[in-house]
Structures are given as C-alpha cells and as structure tokens.
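Trainee: The amino acid sequence is not available; the structure is as follows:
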C-alpha cells in the first residue's frame, strides 16, 4: 500500500472533511470567507485530518460526522498558523501562490487566522470532550511556543542541535501528533493504544519537519511551492545549515555567520551554501535523521493491539510518503542526539 492507495480509499471521508472545512468558515463579514476560501484552495494534502481519520478507524470508529468535524478543526488550526507565520516571516509565496499577507496585507492575515482558531474552538466545544479539548489546547500552546522560540533565535547560528529539534517538536510535531491522538480518543482508545498513537505522531511530526527543512535547500521551486532557500533568507537556522556550520572549516564558518546576519541574500548565495551542504552531506544528514524518526514512528504502532490493525499500513504509507518527497541516496539512519 502506498500514499495514493490511502488517499483513494479515504476519498469519500476526505471529501466530507473538505465539505466541513468549506461550510464552517462562513461569516457575514465578507472578507473572512473570501480569504478563507482562497487559503483553503491553495492546495495541501490535508495530512492532519487524514491522521485523525486513520487513527479513529484503527481504533474501531468510522469517519462519522463527529470525527470529520474534529479533522476540520485541526485543519483550521494549521491554516491559522500558516497565516500567522507568513506575517512573521514576511513571506510572499506559499504553495506556488501569493500568500494572504502579500495579497490582502498583514492585518487581514492575522485576523483571519484568529477567526479560524476561534472556529476550531467552537467546533471542539460542541462535543465538550474535555480530554480532547485539553489535548488540542496543549498542542496549540506548544506550537505557539515553538514559533516564539524560533523567532527569538532567528539569525543566531550557534544554537545547538537539541534546540533545533525542540523547536521542531513544539512547532510542527505537536499538532501532527494531536491530529492522530484525537482520532484515537474519539474511538475510546485504551491507554496502550493512545500511547502508541501519540508516540507515532510525535516521531512522524519530527520527520515531517526535517524533510521540509531538507527540501527547502534541495527541491525544485515548482515542487516546493516557494523559492528555494527561504529559511536561509529569513535567518532560520534549521538542521541542514546547523550541520554545515559545525562541520565547516573556519573560512566557511565566517562566511555562514555573515550570510545569516544579512537580510538581503540573493540566489547565488543560496546556491553557494547548497553546494557546500552537498559537499559536507548536511542534507543527507537531515534526510537520514528523518528516516530514523519515520522508522521509529512505525515501530510504535506495533506495540499495541488495535481493533482494526489493517490501518497500521495506512499510517505506514503516509509516513513513507513524507520521506519519498526527496529522492536522495539511501543511507543508514543516525541516532537521535
């Protein structure tokens, strides 16, 4: 089974999620549905609600209206973070299209993001499942903390790898993990099942962001949906750049230090750094760590008994798809530091 098989099998359920997404951002304030519609039509695989659906099925519950609307709520929170991130990073392109920030301005991007978070809260409150509301709220708090940590340490090249992985967990893995977790909770997962799903989600989320960080330096712009080297230009020290810096000679380290402080990086600067990343295997290092997390994520699901174990293969396929987005030479996984 591969990712296409998963999306085909879940086609009907994902269509229900898409309908819920389109139905729930309605407002009598015209700008809100206009911007929301534009944002939601800009693409995306709906990975987060997909995790919710699969986890519910794994634990024995079909994608009924309640499961679907929880998937919708998670996607709204994710969409809100994109709107806010684009303001913080001053991004003009996402998924190959103008960002809301570029098209309508920072104020509209922030306020519609706030609206989507409020809608997500209202959707969750309809069922008043305390454990689910608490889990989603904690994950949202974590991703905001991750964003603040990333902002506070922007253009600081001498952060350690532990800090980089902490930011990844907070900003990306937390919300991906809770996406799967709430599917299990809606299906009354046992403690053993919930633990396995959370562990899968944590490691899957780490791999997801590590792949994005590698692709930012080593993917075609049309595939990436934004200019290559965006993180570098914005002063974000992700794992590929961190690895390069700590494996470079003194001359290259000085050059990297100068680049990271420069707010006017040009395409030739990016190409220069990417060339050194290939030479020092910094992108391979990141990809290998992502592969490690994916393999560990898949192993967690084998540690619990589930009512519908066939859906473990669905999780496997989604996890493998994340890594397949980059065609790099295979290498053995590296341990987590």
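Mentor: Looks like it arrived, so ask away. Keep in mind that this is a model prediction, so the values were computed, not measured. Numbering: from 1, shown residues only.
Trainee: The one helix or strand in the chain whose mean pLDDT sits lowest: what's the following helix or strand?
Mentor: Counting by mean pLDDT, DSSP states H and E, the weakest-scoring helix or strand in the chain turns out to be helix 221-224, with a mean of 64. Later in the chain than helix 221-224, the nearest helix or strand by DSSP states H and E is helix 230-233.
Trainee: Let's test this: mean pLDDT of the longest helix seen in the chain, rounded?
Mentor: Ranked by residue count under DSSP state H, the longest helix found in the chain is helix 191-218. The average pLDDT within helix 191-218 is 96.
Trainee: again with stretch 325-332
Mentor: Looking at stretch 325-332 alone, the average pLDDT works out to 47.
Trainee: Check stretch 268-282 too.
Mentor: Stretch 268-282 shows a mean pLDDT of 95 in the predicted model.
Trainee: the helices in the stretch 1-150 of the chain, which residues?
Mentor: If DSSP state H, counting those that start in this stretch is used as the criterion, the helices of the stretch 1-150 of the chain fall at 3-9, 11-24, 31-40, 47-58, 65-88, 100-104, 106-125, 130-152.
Trainee: Could you look over the ones you listed and pick the most buried one?
Mentor: Stretch with highest mean neighbour count among these: helix 47-58 (a mean of 27; mean count of other Cβ atoms under 10 Å). The way it works is simple: take the backbone N, C-alpha and C, and place the C-beta from them, glycine included.
Trainee: Which other helices and strands does that helix contact?
Mentor: Here helix 47-58 touches helix 3-9, helix 11-24, helix 65-88, helix 174-186, helix 191-218, helix 312-324, going by 3 or more Cβ pairs under 8 Å, 6 or more residues apart in numbering; DSSP states H and E.
Trainee: Any chance of TSV for those helices, columns distance to residue 286?
Mentor: Below are the helices and strands packed on helix 47-58 laid out as TSV (distance: least, Cβ to Cβ, whole Å):
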stretch	distance to residue 286
helix 3-9	21
helix 11-24	30
helix 65-88	20
helix 174-186	18
helix 191-218	4
helix 312-324	11
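Trainee: Compare those helices and report which one is nearest to residue 303.
Mentor: Proximity to residue 303 (Cβ to Cβ) singles out helix 191-218 among the helices and strands packed on helix 47-58, at 5.4 Å.
Trainee: buried residues in the closest one?
Mentor: Across helix 191-218, burial judged by 16 or more other Cβ atoms under 10 Å covers 193-218.
Trainee: distance between it and the chain's centre?
Mentor: 8 Å (Cα atoms, centre = their mean, to the nearest Å).
Trainee: now it against helix 174-186, angle please.
Mentor: Calculated by axes from the mean of the first three to the mean of the last three Cα atoms, to 10 degrees, helix 191-218 forms an angle of 150 degrees with helix 174-186.
Trainee: Just the angle for helix 191-218 relative to helix 47-58, thanks.
Mentor: Going by the same axes, to 10 degrees, helix 191-218 makes 150 degrees with helix 47-58.
Trainee: can you offset everything so residue one is 57?
Mentor: Done: numbering now begins at 57, and the last item shifts to helix 247-274.
Trainee: got the angle between helix 247-274 and helix 368-380?
Mentor: With the same axes, to 10 degrees applied, the angle from helix 247-274 to helix 368-380 works out at 20 degrees.
Trainee: ok, back up a step: and the helices of the stretch 57-206 of the chain as CSV, adding mean pLDDT and distance to residue 355?
Mentor: What follows is the helices of the stretch 57-206 of the chain, written out as CSV (pLDDT from 0 to 100; distance: least, Cβ to Cβ, whole Å):
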stretch, mean pLDDT, distance to residue 355
helix 59-65, 95, 19
helix 67-80, 95, 26
helix 87-96, 91, 34
helix 103-114, 98, 15
helix 121-144, 94, 24
helix 156-160, 92, 39
helix 162-181, 94, 31
helix 186-208, 93, 23
